[in-house]
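**Q** Okay, structure incoming, though there's no sequence with it:
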(Lines give C-alpha, C1' and ligand atoms only; values in the text may rest on other atoms or scores of the structure.)
Protein backbone atom coordinates (compact mmCIF):
# COMPACT_ATOMS: atom_id res chain seq x y z
CA UNK A 1 0.00 0.00 0.00
CA UNK A 2 2.94 2.32 0.34
CA UNK A 3 4.03 1.79 -3.26
CA UNK A 4 1.22 3.77 -4.88
CA UNK A 5 1.75 7.00 -2.98
CA UNK A 6 5.48 6.83 -3.58
CA UNK A 7 4.90 6.13 -7.27
CA UNK A 8 2.45 9.01 -7.45
CA UNK A 9 4.93 11.34 -5.81
CA UNK A 10 7.57 10.24 -8.28
CA UNK A 11 5.23 10.95 -11.18
CA UNK A 12 4.44 14.38 -9.79
CA UNK A 13 8.14 15.11 -9.38
CA UNK A 14 8.85 14.09 -12.98
CA UNK A 15 5.92 16.23 -14.16
CA UNK A 16 7.10 19.27 -12.26
CA UNK A 17 10.67 18.89 -13.50
CA UNK A 18 9.53 18.49 -17.12
CA UNK A 19 7.36 21.63 -16.95
CA UNK A 20 9.54 23.74 -14.71
CA UNK A 21 10.70 27.04 -16.32
CA UNK A 22 14.10 26.64 -17.92
CA UNK A 23 15.10 30.20 -17.11
CA UNK A 24 18.14 29.33 -15.09
CA UNK A 25 19.91 27.57 -17.97
CA UNK A 26 18.83 30.13 -20.54
CA UNK A 27 19.50 33.13 -18.36
CA UNK A 28 23.07 32.06 -17.72
CA UNK A 29 23.69 32.40 -21.45
CA UNK A 30 21.40 35.35 -22.18
CA UNK A 31 23.09 38.46 -23.57
CA UNK A 32 21.99 42.01 -22.89
CA UNK A 33 23.05 44.95 -25.07
CA UNK A 34 22.73 48.46 -23.64
CA UNK A 35 21.53 50.82 -26.36
CA UNK A 36 19.72 54.16 -26.08
CA UNK A 37 16.35 55.76 -26.70
CA UNK A 38 13.91 53.91 -29.00
CA UNK A 39 13.71 57.10 -31.10
CA UNK A 40 17.44 57.06 -31.87
CA UNK A 41 19.68 54.70 -33.84
CA UNK A 42 21.35 52.82 -30.97
CA UNK A 43 18.22 50.89 -30.00
CA UNK A 44 17.38 49.55 -33.50
CA UNK A 45 21.09 48.84 -34.06
CA UNK A 46 21.17 46.76 -30.88
CA UNK A 47 18.03 44.91 -31.94
CA UNK A 48 19.61 44.25 -35.33
CA UNK A 49 22.64 42.65 -33.64
CA UNK A 50 20.34 40.44 -31.57
CA UNK A 51 18.40 39.44 -34.68
CA UNK A 52 21.63 38.51 -36.46
CA UNK A 53 22.72 36.44 -33.48
CA UNK A 54 19.32 34.76 -33.31
CA UNK A 55 19.43 33.93 -37.03
CA UNK A 56 23.07 32.95 -37.43
CA UNK A 57 24.57 32.43 -33.99
CA UNK A 58 23.57 28.76 -34.07
CA UNK A 59 26.50 28.15 -36.39
CA UNK A 60 28.73 28.70 -33.34
CA UNK A 61 26.43 27.98 -30.42
CA UNK A 62 22.80 26.87 -30.34
CA UNK A 63 21.23 28.48 -27.30
CA UNK A 64 21.77 32.22 -27.46
CA UNK A 65 19.16 34.57 -26.04
CA UNK A 66 19.75 38.26 -26.77
CA UNK A 67 17.99 41.41 -25.64
CA UNK A 68 18.55 45.02 -26.70
CA UNK A 69 17.89 47.10 -23.60
CA UNK A 70 16.82 50.76 -23.67
CA UNK A 71 19.13 53.10 -21.76
CA UNK A 72 20.14 56.72 -21.30
CA UNK A 73 22.98 56.27 -23.77
CA UNK A 74 26.76 55.98 -23.83
CA UNK A 75 27.66 56.91 -20.24
CA UNK A 76 24.89 54.72 -18.79
CA UNK A 77 25.99 51.80 -20.96
CA UNK A 78 29.63 52.11 -19.89
CA UNK A 79 28.60 52.29 -16.25
CA UNK A 80 26.39 49.23 -16.77
CA UNK A 81 29.30 47.32 -18.30
CA UNK A 82 31.58 48.23 -15.39
CA UNK A 83 28.93 47.06 -12.90
CA UNK A 84 28.27 43.81 -14.77
CA UNK A 85 24.63 44.76 -15.43
CA UNK A 86 24.89 44.31 -19.20
CA UNK A 87 27.15 42.24 -21.45
CA UNK A 88 27.66 44.66 -24.32
CA UNK A 89 26.89 48.30 -25.02
CA UNK A 90 26.66 50.67 -27.96
CA UNK A 91 28.58 53.82 -27.09
CA UNK A 92 29.90 56.93 -28.77
CA UNK A 93 33.59 56.60 -29.59
CA UNK A 94 34.75 59.69 -27.67
CA UNK A 95 32.98 58.53 -24.50
CA UNK A 96 34.45 55.06 -25.07
CA UNK A 97 37.93 56.61 -25.22
CA UNK A 98 37.38 58.74 -22.12
CA UNK A 99 36.15 55.74 -20.11
CA UNK A 100 39.09 53.55 -21.07
CA UNK A 101 41.62 56.32 -20.37
CA UNK A 102 39.92 57.63 -17.21
CA UNK A 103 39.53 61.25 -18.38
CA UNK A 104 36.76 63.88 -18.49
CA UNK A 105 33.48 62.25 -17.37
CA UNK A 106 35.53 59.29 -16.09
CA UNK A 107 38.30 61.30 -14.47
CA UNK A 108 40.50 59.00 -12.38
CA UNK A 109 37.97 56.16 -12.80
CA UNK A 110 39.17 54.29 -15.89
CA UNK A 111 37.30 51.19 -17.00
CA UNK A 112 40.41 49.27 -18.03
CA UNK A 113 38.54 46.01 -18.62
CA UNK A 114 36.73 47.59 -21.62
CA UNK A 115 37.21 45.78 -24.93
CA UNK A 116 36.18 46.77 -28.44
CA UNK A 117 34.06 44.52 -30.63
CA UNK A 118 33.60 46.62 -33.79
CA UNK A 119 32.42 50.04 -34.86
CA UNK A 120 29.02 50.73 -36.36
CA UNK A 121 27.68 53.79 -38.19
CA UNK A 122 29.40 57.14 -38.32
CA UNK A 123 27.89 59.87 -36.15
CA UNK A 124 28.65 62.88 -38.29
CA UNK A 125 29.27 66.37 -36.99
CA UNK A 126 26.45 68.08 -38.85
CA UNK A 127 25.92 71.81 -39.36
CA UNK A 128 22.67 73.27 -40.69
CA UNK A 129 22.51 77.00 -41.50
CA UNK A 130 19.86 79.42 -42.69
CA UNK A 131 20.13 79.45 -46.47
CA UNK A 132 19.90 83.25 -46.73
CA UNK A 133 23.33 83.50 -45.08
CA UNK A 134 24.96 82.11 -48.19
CA UNK A 135 27.12 79.83 -46.01
CA UNK A 136 28.59 76.77 -47.71
CA UNK A 137 31.79 76.03 -45.80
CA UNK A 138 33.06 76.17 -42.25
CA UNK A 139 34.76 79.55 -42.67
CA UNK A 140 31.39 81.10 -43.64
CA UNK A 141 30.16 80.69 -40.06
CA UNK A 142 32.24 83.59 -38.77
CA UNK A 143 30.04 86.41 -37.56
CA UNK A 144 26.99 84.16 -37.26
CA UNK A 145 24.97 83.06 -34.23
CA UNK A 146 25.78 79.42 -33.64
CA UNK A 147 23.79 77.09 -31.44
CA UNK A 148 26.42 75.06 -29.60
CA UNK A 149 23.91 73.30 -27.34
CA UNK A 150 23.66 73.05 -23.55
CA UNK A 151 26.75 72.75 -21.38
CA UNK A 152 28.05 69.18 -21.35
CA UNK A 153 26.30 68.15 -24.57
CA UNK A 154 28.21 66.18 -27.19
CA UNK A 155 27.80 68.65 -30.08
CA UNK A 156 28.99 71.51 -27.87
CA UNK A 157 32.16 69.68 -26.85
CA UNK A 158 32.88 68.75 -30.47
CA UNK A 159 32.32 72.30 -31.72
CA UNK A 160 34.59 73.76 -29.04
CA UNK A 161 37.31 71.25 -29.94
CA UNK A 162 36.89 72.20 -33.59
CA UNK A 163 37.14 75.91 -32.75
CA UNK A 164 40.40 75.34 -30.89
CA UNK A 165 41.80 73.31 -33.78
CA UNK A 166 40.84 76.08 -36.22
CA UNK A 167 42.45 78.73 -34.00
CA UNK A 168 39.13 80.54 -33.59
CA UNK A 169 37.78 82.28 -30.49
CA UNK A 170 34.28 83.25 -29.40
CA UNK A 171 34.70 86.87 -30.52
CA UNK A 172 34.72 85.78 -34.16
CA UNK A 173 31.06 84.72 -33.98
CA UNK A 174 27.84 86.67 -33.63
CA UNK A 175 27.14 84.85 -30.39
CA UNK A 176 26.39 81.39 -29.10
CA UNK A 177 22.94 80.02 -28.30
CA UNK A 178 22.29 76.99 -26.11
CA UNK A 179 19.07 75.40 -27.33
CA UNK A 180 18.75 71.68 -26.72
CA UNK A 181 18.17 69.06 -29.40
CA UNK A 182 14.38 69.30 -29.11
CA UNK A 183 14.27 73.08 -29.52
CA UNK A 184 17.03 74.03 -31.91
CA UNK A 185 15.26 73.31 -35.22
CA UNK A 186 12.39 75.62 -34.28
CA UNK A 187 14.89 78.24 -33.07
CA UNK A 188 16.62 78.05 -36.45
CA UNK A 189 13.37 78.33 -38.41
CA UNK A 190 12.18 81.22 -36.20
CA UNK A 191 15.43 83.14 -36.76
CA UNK A 192 16.56 82.99 -33.12
CA UNK A 193 19.84 81.42 -34.23
CA UNK A 194 21.62 81.23 -37.59
CA UNK A 195 23.30 77.84 -37.28
CA UNK A 196 22.60 74.59 -35.44
CA UNK A 197 24.96 71.67 -34.80
CA UNK A 198 24.43 67.95 -34.27
CA UNK A 199 26.49 64.82 -33.81
CA UNK A 200 24.18 62.24 -35.33
CA UNK A 201 23.85 59.14 -37.49
CA UNK A 202 22.14 59.70 -40.83
CA UNK A 203 19.41 59.77 -41.91
CA UNK A 204 18.14 61.68 -38.88
CA UNK A 205 14.63 62.96 -38.30
CA UNK A 206 15.85 66.25 -36.82
CA UNK A 207 18.00 67.04 -39.87
CA UNK A 208 15.19 66.10 -42.23
CA UNK A 209 12.83 68.41 -40.33
CA UNK A 210 15.32 71.29 -40.39
CA UNK A 211 15.82 71.01 -44.15
CA UNK A 212 12.12 70.51 -44.84
CA UNK A 213 10.46 72.98 -42.47
CA UNK A 214 12.48 76.09 -43.28
CA UNK A 215 14.92 77.47 -45.85
CA UNK A 216 18.19 75.90 -44.71
CA UNK A 217 21.20 74.04 -46.07
CA UNK A 218 23.94 71.69 -44.88
CA UNK A 219 27.47 73.03 -44.40
CA UNK A 220 30.62 71.16 -45.47
CA UNK A 221 33.13 70.72 -42.64
CA UNK A 222 36.68 70.07 -43.81
CA UNK A 223 40.10 71.64 -44.08
CA UNK A 224 43.43 71.74 -42.20
CA UNK A 225 41.78 72.37 -38.83
CA UNK A 226 39.60 69.29 -39.22
CA UNK A 227 42.57 67.15 -40.30
CA UNK A 228 44.54 68.32 -37.27
CA UNK A 229 41.66 67.25 -35.05
CA UNK A 230 41.57 63.81 -36.68
CA UNK A 231 45.27 63.36 -36.02
CA UNK A 232 45.02 64.52 -32.42
CA UNK A 233 42.16 62.30 -31.24
CA UNK A 234 41.77 58.64 -32.28
CA UNK A 235 38.01 58.65 -31.72
CA UNK A 236 37.32 60.99 -34.66
CA UNK A 237 36.95 59.80 -38.25
CA UNK A 238 36.28 61.20 -41.71
CA UNK A 239 32.60 61.12 -42.62
CA UNK A 240 30.21 62.23 -45.28
CA UNK A 241 26.48 62.76 -45.65
CA UNK A 242 25.50 61.01 -48.89
CA UNK A 243 23.90 62.95 -51.72
CA UNK A 244 20.15 62.58 -52.00
CA UNK A 245 19.66 61.59 -48.39
CA UNK A 246 17.86 64.86 -47.67
CA UNK A 247 15.92 67.39 -49.70
CA UNK A 248 18.21 69.65 -51.73
CA UNK A 249 21.41 67.64 -51.18
CA UNK A 250 22.65 66.84 -54.68
CA UNK A 251 26.28 66.18 -53.71
CA UNK A 252 27.98 64.42 -50.80
CA UNK A 253 28.58 66.69 -47.81
CA UNK A 254 32.10 66.30 -46.41
CA UNK A 255 32.50 66.36 -42.66
CA UNK A 256 34.03 64.42 -39.77
CA UNK A 257 32.59 62.73 -36.76
CA UNK A 258 32.57 59.96 -34.23
CA UNK A 259 31.49 56.33 -34.42
CA UNK A 260 28.90 54.33 -32.64
CA UNK A 261 30.92 51.41 -31.28
CA UNK A 262 29.93 48.04 -29.88
CA UNK A 263 31.96 47.43 -26.73
CA UNK A 264 32.14 44.83 -24.00
CA UNK A 265 34.54 43.83 -21.23
CA UNK A 266 36.97 41.04 -20.51
CA UNK A 267 34.09 39.26 -18.73
CA UNK A 268 32.54 38.23 -22.04
CA UNK A 269 33.85 34.79 -22.94
CA UNK A 270 35.84 34.56 -26.21
CA UNK A 271 33.54 32.03 -27.91
CA UNK A 272 30.52 34.29 -27.39
CA UNK A 273 32.38 37.33 -28.72
CA UNK A 274 33.50 35.26 -31.70
CA UNK A 275 29.93 34.12 -32.40
CA UNK A 276 28.55 37.68 -32.28
CA UNK A 277 31.24 38.90 -34.65
CA UNK A 278 30.72 35.98 -37.03
CA UNK A 279 26.95 36.49 -37.10
CA UNK A 280 27.32 40.14 -38.14
CA UNK A 281 30.37 40.01 -40.42
CA UNK A 282 29.46 36.68 -41.99
CA UNK A 283 26.15 38.17 -43.19
CA UNK A 284 27.01 41.86 -43.45
CA UNK A 285 24.71 42.64 -46.38
CA UNK A 286 21.77 41.39 -44.31
CA UNK A 287 22.89 43.48 -41.33
CA UNK A 288 23.17 46.59 -43.52
CA UNK A 289 19.56 46.17 -44.64
CA UNK A 290 18.18 46.33 -41.12
CA UNK A 291 18.35 50.12 -40.67
CA UNK A 292 19.16 53.06 -42.99
CA UNK A 293 22.02 54.18 -40.72
CA UNK A 294 23.71 50.79 -41.22
CA UNK A 295 23.43 50.88 -45.01
CA UNK A 296 26.91 52.26 -45.67
CA UNK A 297 28.92 50.07 -43.28
CA UNK A 298 32.11 48.49 -44.60
CA UNK A 299 33.94 45.68 -42.87
CA UNK A 300 37.29 47.45 -43.27
CA UNK A 301 36.05 50.52 -41.38
CA UNK A 302 34.24 48.46 -38.76
CA UNK A 303 37.44 46.74 -37.64
CA UNK A 304 39.56 49.90 -37.78
CA UNK A 305 37.75 53.16 -37.07
CA UNK A 306 37.38 54.69 -33.61
CA UNK A 307 38.12 51.54 -31.59
CA UNK A 308 39.96 53.07 -28.67
CA UNK A 309 40.07 50.05 -26.34
CA UNK A 310 41.85 46.82 -27.32
CA UNK A 311 39.88 44.37 -29.43
CA UNK A 312 38.21 41.58 -27.50
CA UNK A 313 40.10 38.34 -28.09
CA UNK A 314 37.02 36.63 -29.58
CA UNK A 315 36.47 39.40 -32.14
CA UNK A 316 40.21 39.54 -32.83
CA UNK A 317 40.26 35.81 -33.57
CA UNK A 318 37.44 36.15 -36.10
CA UNK A 319 39.08 39.13 -37.82
CA UNK A 320 42.42 37.30 -38.12
CA UNK A 321 40.84 34.10 -39.42
CA UNK A 322 38.99 36.03 -42.10
CA UNK A 323 41.79 38.32 -43.24
CA UNK A 324 40.24 41.51 -41.88
CA UNK A 325 43.35 42.62 -39.99
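**A** Everything's here; your move. The model shown is predicted, which means the values in this text are computed figures rather than measured ones.

**Q** what is the residue most central in space within the chain paired to in the beta sheet?
**A** Most central in the chain under Cα atoms, centre = their mean is residue 260, positioned 2.5 Å from the mean C-alpha point. When bridges are called by DSSP bridges, residue 260 pairs up with residue 92.

**Q** any idea how far it is from residue 215?
**A** 31 Å (Cβ to Cβ, to the nearest Å). (C-beta placed from N, C-alpha, C; glycine too.)

**Q** repeat for residue 308
**A** Residue 308 is 39 Å from residue 215, by Cβ to Cβ.

**Q** likewise residue 33?
**A** 40 Å.

**Q** Looking at those two, which is more packed in?
**A** Neighbour totals were compared for residue 33 and residue 215, and residue 33 leads with 26 against 10 (other Cβ atoms under 10 Å).

**Q** burial of the closest residue to residue 153 other than its chain neighbours, as a residue count?
**A** Distances taken as Cβ to Cβ, 6 or more residues apart in numbering place residue 180 nearest to residue 153, at 7.5 Å, with adjacent residues excluded. Neighbourhood size, residue 180 [other Cβ under 10 Å]: 11.

**Q** which residues does residue 180 contact?
**A** 149, 150, 153 (Cβ atoms under 8 Å, 6 or more residues apart in numbering).

**Q** give me the element it is part of.
**A** Under the assignment given by DSSP states H and E, residue 180 is not contained in any helix or strand.

**Q** ok, longest strand in the chain?
**A** The single longest strand within the chain, with elements called by DSSP state E, is strand 114-130.

**Q** Quick one: distance of that one to the chain centre.
**A** 7 Å (Cα atoms, centre = their mean, to the nearest Å).

**Q** Which residue ranges of this structure form helices?
**A** All helices of the chain, identified by DSSP state H, fall at 3-19, 23-27, 42-56, 74-82, 93-101, 154-166, 184-189, 205-213, 224-232, 270-281, 284-288, 299-302, 313-321.

**Q** Highest mean neighbour count out of these?
**A** helix 93-101 (a mean of 24; mean count of other Cβ atoms under 10 Å).

**Q** Next, the angle from it to helix 74-82.
**A** 40 degrees (axes from the mean of the first three to the mean of the last three Cα atoms, to 10 degrees).

**Q** Remind me what helix 93-101 packs against, helices and strands.
**A** helix 74-82, strand 114-130, helix 154-166, strand 253-265 (3 or more Cβ pairs under 8 Å, 6 or more residues apart in numbering; DSSP states H and E).

**Q** Reformat those as CSV; add mean pLDDT and distance to residue 102.
**A** Formatted as CSV, the helices and strands packed on helix 93-101 follow (pLDDT from 0 to 100; distance: least, Cβ to Cβ, whole Å):
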stretch, mean pLDDT, distance to residue 102
helix 74-82, 93, 12
strand 114-130, 95, 11
helix 154-166, 90, 17
strand 253-265, 95, 15
